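Peer 1: Next come a sequence and a model predicted from it.
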Amino acid sequence: MSPGINLDKAWSRHQPTEETRNRVTLAPMTQSDLDTVIDIEQTAYSHPWTLGNFRDSLNPLFDAQCLWLDGELLGYFLAMRGVEEMHLLNITVAPAHQGQGWGHMMLDALSLMSRHEGAQWLWLEVRQSNLRALQVYERYGFKQISIRKDYYPAGRLQREHAVVMSLKL
């Protein structure tokens, strides 16, 4: 994704103070961010991505971005480019910063960046049990398309269905 995207539109729903706006940055994820990313990932999820998953995503096929406030990592997202679409693979807000609008802000940024790259659709999967995330995506405008049975690991020898959702950009 183009690091030069103007994120003013991404702030439109959040209306932070000017001081906060000046302290927040969205920047491409780098190797040096991965230790902090992994710390957040392991805190946020029962089945976190591995360091290898994140390393593999730091290549031109993927868009990986970190959201920072005064040098503290608030969250991150990773998306994979497709033909006229973007597939959101992971979006995470650090548990200490959840419920403050940062997830919506990152979705706004991803939508803007995706449109800039010519995407017409944004796709994602979410655990069927993740009601909070489902509500966030539905409020954002995503529509449920289908269910992928037994998509996610859910414990020893157990699997969980994924809800497939899309958003017309």
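Peer 2: That came through fine.

Peer 1: what's the pLDDT at the nearest residue to Arg81 once chain neighbours are set aside?
Peer 2: Counting by CB to CB, 6 or more residues apart in numbering, Leu61 is the residue found nearest to Arg81 once chain neighbours are left out, at 6.2 Å. No exception for glycine: its C-beta is placed from N, CA and C like everyone else's. Per-residue confidence (pLDDT) for Leu61: 91.

Peer 1: wait, Leu61 sits on Ala79?
Peer 2: No. Counting by CB atoms under 8 Å, Leu61 stays clear of Ala79, with 10.1 Å between them.

Peer 1: and the residue nearest to Arg81, how many neighbours does it have?
Peer 2: 9 (other CB atoms under 10 Å).

Peer 1: In the chain, spot the strand with the most residues.
Peer 2: Criterion DSSP state E: the longest strand present in the chain is strand 143-155.

Peer 1: Tell me which strands whichever helix or strand comes after that strand pairs with, and in which orientation.
Peer 2: Once the chain leaves strand 143-155, the next helix or strand it forms, by DSSP states H and E, is strand 158-168. Using DSSP bridges, the strands paired with strand 158-168 are strand 121-127 (antiparallel), strand 143-155 (antiparallel).

Peer 1: now for these, which one comes closest to Leu51?
Peer 2: Between Leu51 and those, the shortest gap by CB to CB is with strand 143-155, which sits at 17.1 Å.

Peer 1: Can you find the helix or strand of this protein with the lowest average pLDDT?
Peer 2: When each helix and strand of the chain is scored by mean pLDDT, DSSP states H and E, helix 18-23 comes last, with a mean of 66.

Peer 1: Sounds good, over and out.
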